[in-house]
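Asker: next come a sequence and a model predicted from it.
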Number of protein chains: 2
Amino acid sequence: MVTVSTSNEAYHHGSLREALVAAGMEALDGLDGKEVSLRELARKVGVSPTAVYRHFPDKQALVEALASEGLAMLGAAQAEAATKVGGGALGFAETGRAYVRFALAHPALFRLMYTQGNPVEHDVSGDPAGRLLQKMTRELSSNIEDADRLALQAWSIAHGIAMLMLDGRIPADDALIDRLLNTENLFRVQGRSSEESP
Amino acid sequence: MVTVSTSNEAYHHGSLREALVAAGMEALDGLDGKEVSLRELARKVGVSPTAVYRHFPDKQALVEALASEGLAMLGAAQAEAATKVGGGALGFAETGRAYVRFALAHPALFRLMYTQGNPVEHDVSGDPAGRLLQKMTRELSSNIEDADRLALQAWSIAHGIAMLMLDGRIPADDALIDRLLNTENLFRVQGRSSEESP
DNA sequence: GCCTCTATGTTTACAGCGTTCACTTTAGGC
DNA sequence: GCCTAAAGTGAACGCTGTAAACATAGAGGC
């Protein structure tokens, strides 16, 4: 039973949707492997399973609501991390760390955000974290093309680290995050690879 | 109904396990979002659902069998791609491309390999793709520490690109794969970031 | 050549899931 | 104060993974 913020049992008053999302976010903290169940959330909120369908067309829609809530949280965490060090290139690096740390702090939510969430299909407008990333890289780069490339690369690295750590492929170690996010060494290898090309 | 390789209906003869895995691999091609069902595989093979439990303790074990089959396929694809260009640094770069291409070619299998598969928990011995990666990076680097760092970074980038493309966050475009895997530009930004640090 | 034992299958059953349909309750506008 | 539309309920369907009891087939020992 989740105690909804204001009036305790004031359903039939429009708060069910928010209560479900709140219960969902709460349920997502603590279970990583298993996925959240619609009936379980209904139970937690004290309502019959079918009541959910008055507020969401199906489970997918409920899950997407959780996903976009998560994206907002992530965006906020990144923005805070960036401004705390004064923005700029240093702030940009900090958003990467914040990204991975967020994933480790909320494994189930993070997974859900990217596997279930509305795909945003190459449009960044509905994704606060994506918007911030685009803004920062465009400030750092001289032209938009470079900026967008950098944005996708940075995103890929951070996302890869996060996922591999969540999946237990790489130790979920804070120092390792820093070591991997620092990509100075990659230049050498890339250069060598170019030398060998005909 | 999947037609198992040798004798058509020679169950009760030890081929059920292989038939199930084959049916699983077949089922995984063609469905991305949904996950494979134990009962469905049993149906495809023409056997009752509970027969599966004579060969796998539970569904997870069956899924892990599929995962390790997938890891073997990936390792083979990468090795082939690397040798085709003559190995070396160029071959190393090629394994990255092969990794992402494999993910795009077998989305459901790839997801399953990394989210469900036996975590290998930081031990690379049961993972052919991981072994190859370790071998190549150690050949490319002067010391083991640099090599392992490079390995994890390269893995992270490729994995991030693959996942973001599978999840529809980034266009699944072949040219984009190359653009993102080429990380020469990252050096500049990283350098700037260092300048600003106190 | 028969008998038995074990590996491999089947049947039935249970609890949980998402979802549909028909129904009831409730709150608010006239 | 009624009436209507919104919101929640209950029963049911087909699906899932899994457990327990039972059936059968084939190999090995005699």
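Answerer: Noted; the coordinates are in hand.
Asker: setting aside sequence neighbours, what's the nearest residue to the residue in chain A that chain B sits nearest to?
Answerer: Residue nearest to chain B within chain A: A:G160 (2.9 Å; CB to the nearest CB). The C-beta positions use only the backbone N, C-alpha and C, and glycine is treated the same way. With CB to CB, 6 or more residues apart in numbering or on different chains as the criterion, A:G160 has its nearest non-adjacent residue at 2.9 Å, and that residue is B:G160.
Asker: before we move on, back to that, my read: the residue of chain A closest to chain B touches B:H159, true?
Answerer: Yes - counting by CB atoms under 8 Å, A:G160 touches B:H159, with 3.9 Å between them.
Asker: sorry, back to before: tell me how far the residue nearest to A:G160 lies from B:A42.
Answerer: From B:G160 across to B:A42, the span is 36 Å (CB to CB, to the nearest Å).
Asker: who's more crowded, those two?
Answerer: Counted by other CB atoms under 10 Å in any protein chain shown, B:G160 and B:A42 do not tie: B:G160 has more neighbours, with 27 against 18.
Asker: buried stuff in the helix or strand harbouring the more buried one?
Answerer: Using DSSP states H and E, B:G160 maps to helix B:144-166. Neighbour counts over helix B:144-166 (16 or more other CB atoms under 10 Å in any protein chain shown) mark B:146-166 as buried.
Asker: which strands and helices lie in contact with that helix?
Answerer: helix A:144-166, helix A:174-181, helix A:186-196, helix B:88-105, helix B:107-115, helix B:128-140, helix B:174-181 (3 or more CB pairs under 8 Å, 6 or more residues apart in numbering or on different chains; DSSP states H and E).
Asker: average pLDDT across the longest one?
Answerer: Taken as a whole, helix A:144-166 has a mean pLDDT of 95.
Asker: just the C-alphas of it, formatted as PDB.
Answerer: What follows is helix A:144-166, C-alpha atoms only, in PDB (Å, rounded to 0.1, in the frame of the first residue of the first chain):
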ATOM      1  CA  ILE A 144      26.800  21.500 -35.600                       C
ATOM      2  CA  GLU A 145      27.900  18.400 -37.400                       C
ATOM      3  CA  ASP A 146      30.800  17.800 -35.100                       C
ATOM      4  CA  ALA A 147      28.600  18.600 -32.100                       C
ATOM      5  CA  ASP A 148      26.000  16.000 -33.000                       C
ATOM      6  CA  ARG A 149      28.700  13.400 -33.700                       C
ATOM      7  CA  LEU A 150      30.300  14.200 -30.300                       C
ATOM      8  CA  ALA A 151      26.900  14.000 -28.600                       C
ATOM      9  CA  LEU A 152      26.200  10.500 -30.000                       C
ATOM     10  CA  GLN A 153      29.600   9.300 -29.200                       C
ATOM     11  CA  ALA A 154      29.500  10.500 -25.600                       C
ATOM     12  CA  TRP A 155      26.000   9.100 -25.200                       C
ATOM     13  CA  SER A 156      27.100   5.700 -26.600                       C
ATOM     14  CA  ILE A 157      30.100   5.400 -24.300                       C
ATOM     15  CA  ALA A 158      28.200   6.400 -21.200                       C
ATOM     16  CA  HIS A 159      25.300   4.100 -22.200                       C
ATOM     17  CA  GLY A 160      27.600   1.200 -23.000                       C
ATOM     18  CA  ILE A 161      29.400   1.500 -19.700                       C
ATOM     19  CA  ALA A 162      26.000   1.800 -17.800                       C
ATOM     20  CA  MET A 163      24.500  -1.200 -19.600                       C
ATOM     21  CA  LEU A 164      27.600  -3.400 -19.200                       C
ATOM     22  CA  MET A 165      27.800  -2.600 -15.500                       C
ATOM     23  CA  LEU A 166      24.100  -3.200 -15.000                       C
END
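Asker: so for A:G33, which of the helices and strands packed on helix B:144-166 sits nearest?
Answerer: With CB to CB as the criterion, A:G33 lies closest to helix B:107-115 of the helices and strands packed on helix B:144-166, at 8.9 Å.
Asker: comparing the helices and strands packed on helix B:144-166, which gets the lowest mean pLDDT score?
Answerer: Ranked by mean pLDDT, these bottom out at helix A:186-196, with a mean of 53.
Asker: got phi/psi on A:D58?
Answerer: Dihedral angles of A:D58 (phi, psi; degrees, to the nearest 10) stand at phi -160, psi -180.
Asker: and it, how many neighbours does it have?
Answerer: Applying other CB under 10 Å, I find that A:D58 has 11 neighbouring residues.
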